[in-house]
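Trainee: Provided below are the primary sequence and the corresponding predicted coordinates.
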Amino acid sequence: MECERILDKLISLSNKENLYGMSRYGINTSNALGIPIPKIRLLAKEIGNNHILALDLWNTNFHEAKILASMIGVPEILTSDQMENWARDFDSWDVCDQTCNNLFWKSPLAYYKSFEWCRRNEEFVKRAGYVLMAVLAVHDKKRNNEDFFRFFPLIYEGSTDERIYVKKAVNWALRQIGKRNNVLNKKAIEVAIDIKKINSKTAEWIANDALRELQDIKILQKIKNK
């Protein structure tokens, strides 16, 4: 009953006029209601943490219901099977990113899932592996440099994947790790230079875009001041 009530609330917030704008950004709108993220966040705040409801909402298969589920899920209750099931359901880059950023990275399983998923073939599962690397670099303040050094070979391996949502996630991971501190910045620049040497247009784009940011004077100053 609770799931039906929340789903009715989501439907009441729907705005089909937003679907065109969403699709222009590459969002899969086949099961979307056109609800802006801020409105979903407000609803999530109203609901609070509710893992059972999160599972039920996810299973409705509505685009925004999945995003809401990621906002109210409880990371301590996440199991490996649930993370796998949700990852397999990713059908749009924003659902992937929201789920990783709102919920998955907070799980003790996140670090290990990043290794597993970036080796998978499914586009959005593989993206999730690299998104987790990027999000952990930003939010997991206690993790040591060695844990991030282990990501670099996987970033190098993924740099020739031409699929847009994978290559952008590989680039994102490299940039975020490289902005974490001076030690990782130097290593990320080295890795980007190695990636640039690969005979691949995708690898060249990833490397050039990362180097542009990682060698920017303002970025370097921010890293120094951390």
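Mentor: Now that the structure is in, tell me what you want to look at. Numbering: from 1, shown residues only.
Trainee: what's around E146, how many residues?
Mentor: Residues lying near E146 (other CB atoms under 10 Å) number 7. In short, each C-beta sits where N, CA and C put it, glycine included.
Trainee: Give the buried residues for the helix or strand hosting it.
Mentor: Following DSSP states H and E, one finds E146 within helix 145-149. By neighbour count on 16 or more other CB atoms under 10 Å, the buried set for helix 145-149 is F148.
Trainee: so what does that helix touch, helix or strand wise?
Mentor: Helices and strands touching helix 145-149, by 3 or more CB pairs under 8 Å, 6 or more residues apart in numbering; DSSP states H and E, are helix 123-139, helix 182-196.
Trainee: just the strands in the chain please.
Mentor: In the chain, no strands are defined using DSSP state E.
Trainee: Can you report how many residues neighbour the nearest residue to V170 once chain neighbours are set aside?
Mentor: For V170, ignoring the flanking residues on the chain, the nearest one in space by CB to CB, 6 or more residues apart in numbering is G158 at 4.5 Å. Residues lying near G158 (other CB under 10 Å) number 26.
Trainee: Make sure G158 is actually in contact with W117.
Mentor: No. Using CB atoms under 8 Å, G158 makes no contact with W117, being 10.8 Å away.
Trainee: can you list residues touching both of these two?
Mentor: By the contact definition CB atoms under 8 Å, 6 or more residues apart in numbering, G158 and W117 are jointly contacted by K126.
Trainee: Tell me the spacing between the residue nearest the centre of the chain and S200.
Mentor: The centroid of the chain falls nearest to D97 when counting by CA atoms, centre = their mean (3.1 Å). Using CB to CB, to the nearest Å, D97 is found at 24 Å from S200.
Trainee: Could I get the contacting residues of N181?
Mentor: Contacts here follow CB under 8 Å, 6+ apart; on that basis N181 touches N145, I223, K226.
Trainee: Just confirm G178 contacts A210, I think it does.
Mentor: Yes. When contacts are counted by CB under 8 Å, G178 is listed as touching A210 (6.9 Å).
Trainee: residues shared between the contacts of these two?
Mentor: What both G178 and A210 touch, as defined by CB under 8 Å, 6+ apart, is the set A188, A192.
Trainee: just how off-centre is stretch 140-160 within its chain?
Mentor: Centre-to-centre, stretch 140-160 and its host chain are 15 Å apart (CA atoms, centre = their mean, to the nearest Å).
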